[in-house]
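A.B. asks: Okay, structure incoming, though there's no sequence with it:
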């Protein structure tokens, strides 16, 4: 066979072997992508559905997150307003204990007391966090609705106190002086306090605010002469009358405040810390100018940089009579008679300037004050009551705090000092009239506090009030019921521990020593042991 024939035969076989499988190869190559596409269609549809579902879920989650954020913002604003209300009002326990101020929240104020300038410990932060959680929880409660539709808050301190007095005192549950004689033991709930706090509309660019507090330590009025009479029942009875304690109303601008109040004088801003003595402060009539009188005035603050402020206050004040001042029985009265200050027809005036540290109401401060008020005595003599004062609060290392006040003045019975009297009188033996003398007065108090945590604090305080013996001695009398008239000096030492296991429970143990000295004769003394349990609401 020739070479040409062999070549043609090989070519035909090769070409046919190659060409014949081509359609099958093309079909396979074209069919594979189609199969893959057909297989991917359900998968892609499933992925798209999952993406849509995830998108819807994310949108729902985003909506829920935004709603939660709005709720958190609302709670933060409400908590900030609550803290501002507590810082602005408060009062206490115990007044500072309510004040502990009430820790603010409150008190009331009970004790808005400060810590030292040192860094807080882990225990302090834990206590504060627990208190803040309790405060946030109160936001879920039903709010009190007022007719004006503005926010109103009801607060109070349900207080039980028991006492042991080793010698006789003037008021067994909350004594102020020792009077000699056998002691007594008992319990009382009459120092329970109720309060109402309200925020009103803005006026002239100022926020309006008002509050009042009452207790159950009032005394019924007799039908004639307006003089107070003692209860026929004992101090443990609930047959008592409500007593208006304090009232505040104000318009507050950024640096200015216009106010009227029934409260302690503006030049005596501090009070010792106690939970067993709320009807009268722990050092009442022993160095603390505390009595509640109507006042109307202005407060102006000037920033000094670094968070410090210079504060100026001025007010008119209507000072009540001293307790031993009695109305003349020759004058028939159908109601409460005018006081000796009201009979002068001129109001009293008071001023106070102070340097305030950084922080809230429990910050450091140093202040100077003055007061003058014209009076007319029941025997017709005109006189002026006046006082010069100094007050301070200093933060010391190791969580200590030093607070105090001092004064010198004349006729201070209406402000809670002067041994219960503004002046003394004595009938002229010739019957020509009365001898009359206003009494100079000097005194003050100091307290050392250690607040180891938000739950535990220790307090020790000493107060002294003294009229000048050489002015009082000529008016000494042996007539019955002349204890206060003959009293020349009253000194009180008190120490207590206050424990708050939660933001709303308070317990306290307190010791007090009273030393009261008449101008002639032996001084009287009494040891007072007290226990108090309180629930804040």
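C.D. replies: The structure has been received and is ready for your questions. Everything quoted here is computed from the prediction, not taken from an experiment. Residues are numbered from 1 along each chain as shown.
A.B. asks: Report the buried residues of stretch 71-83.
C.D. replies: Residues 79, 82 are the ones in stretch 71-83 that count as buried (16 or more other CB atoms under 10 Å). From N, CA and C alone the C-beta is placed, and that goes for glycine too.
A.B. asks: chain center to it, what's the gap?
C.D. replies: 20 Å (CA atoms, centre = their mean, to the nearest Å).
A.B. asks: And stretch 441-456, by the same measure?
C.D. replies: 15 Å.
A.B. asks: Next, the buried residues of it.
C.D. replies: 441-451, 453-455.
A.B. asks: So which of the residues you listed sit within helices?
C.D. replies: Of those, none are assigned to helices by DSSP state H.
A.B. asks: got the contact list for the residue nearest to residue 161 when sequence neighbours are not counted?
C.D. replies: The shortest distance from residue 161 to any non-neighbouring residue, by CB to CB, 6 or more residues apart in numbering, is to residue 532 (4.4 Å). Applying CB atoms under 8 Å, 6 or more residues apart in numbering to residue 532 gives the contacts 159, 160, 161, 162, 275, 276, 506, 507, 508, 510.
A.B. asks: Now list the buried members of these.
C.D. replies: For those, buried by 16+ other CB under 10 Å: 159, 161, 275, 276, 506, 508, 510.
A.B. asks: So which elements touch whichever strand or helix holds the second one?
C.D. replies: In this structure, residue 161 is located in strand 152-169 according to DSSP states H and E. For strand 152-169, the elements it packs on are strand 178-188, strand 193-203, strand 524-536, judged by 3 or more CB pairs under 8 Å, 6 or more residues apart in numbering; DSSP states H and E.
A.B. asks: Going by neighbour count, list what's buried in the longest one.
C.D. replies: The reference is to strand 524-536. Those would be 524, 526, 528, 530, 531, 532, 534, 536, for strand 524-536 by 16+ other CB under 10 Å.
A.B. asks: about what we covered before: name the nearest of the buried residues of stretch 441-456 relative to residue 144.
C.D. replies: residue 454 (26.9 Å; CB to CB).
A.B. asks: Residue 129 is in contact with the closest one, correct?
C.D. replies: No. Using CB atoms under 8 Å as the test, residue 454 is too far from residue 129 to be in contact (9.8 Å).
A.B. asks: Can you classify the residue nearest to residue 462 when sequence neighbours are not counted by secondary structure?
C.D. replies: Nearest non-adjacent residue to residue 462, counting by CB to CB, 6+ apart: residue 493, 5.2 Å away. Three-state secondary structure (criterion: DSSP: H, G, I helix; E, B strand; the rest coil) places residue 493 in strand.
A.B. asks: ok, residue 493 to residue 510 distance?
C.D. replies: 11 Å (CB to CB, to the nearest Å).
A.B. asks: right, so of the helices and strands packed on strand 152-169, which gets closest to residue 286?
C.D. replies: strand 178-188 (11.1 Å).
A.B. asks: Listing partners with orientation, what would you give for the closest one?
C.D. replies: With DSSP bridges as the test, strand 178-188 is paired with strand 152-169 (antiparallel).
A.B. asks: gap between the strand it pairs with and the chain center?
C.D. replies: 17 Å.
A.B. asks: Please identify the buried residues of that strand?
C.D. replies: Result for strand 152-169 [16+ other CB under 10 Å]: buried residues 152-153, 155-157, 159, 161, 163, 165-169.
A.B. asks: can you give me the angle that strand makes with strand 193-203?
C.D. replies: Here the directions of strand 152-169 and strand 193-203 differ by 140 degrees (axes from the mean of the first three to the mean of the last three CA atoms, to 10 degrees).
A.B. asks: and strand 152-169, average pLDDT?
C.D. replies: For strand 152-169, mean pLDDT rounds to 95.
A.B. asks: what's the angle from that strand to strand 524-536?
C.D. replies: Using the same axes, to 10 degrees, strand 152-169 lies at 160 degrees relative to strand 524-536.
A.B. asks: which residues of the protein score low on pLDDT?
C.D. replies: For the chain, the stretches with pLDDT under 70 are 1-45, 47, 86-127, 130-143, 145, 220-240, 326-336, 360-361, 431-432.
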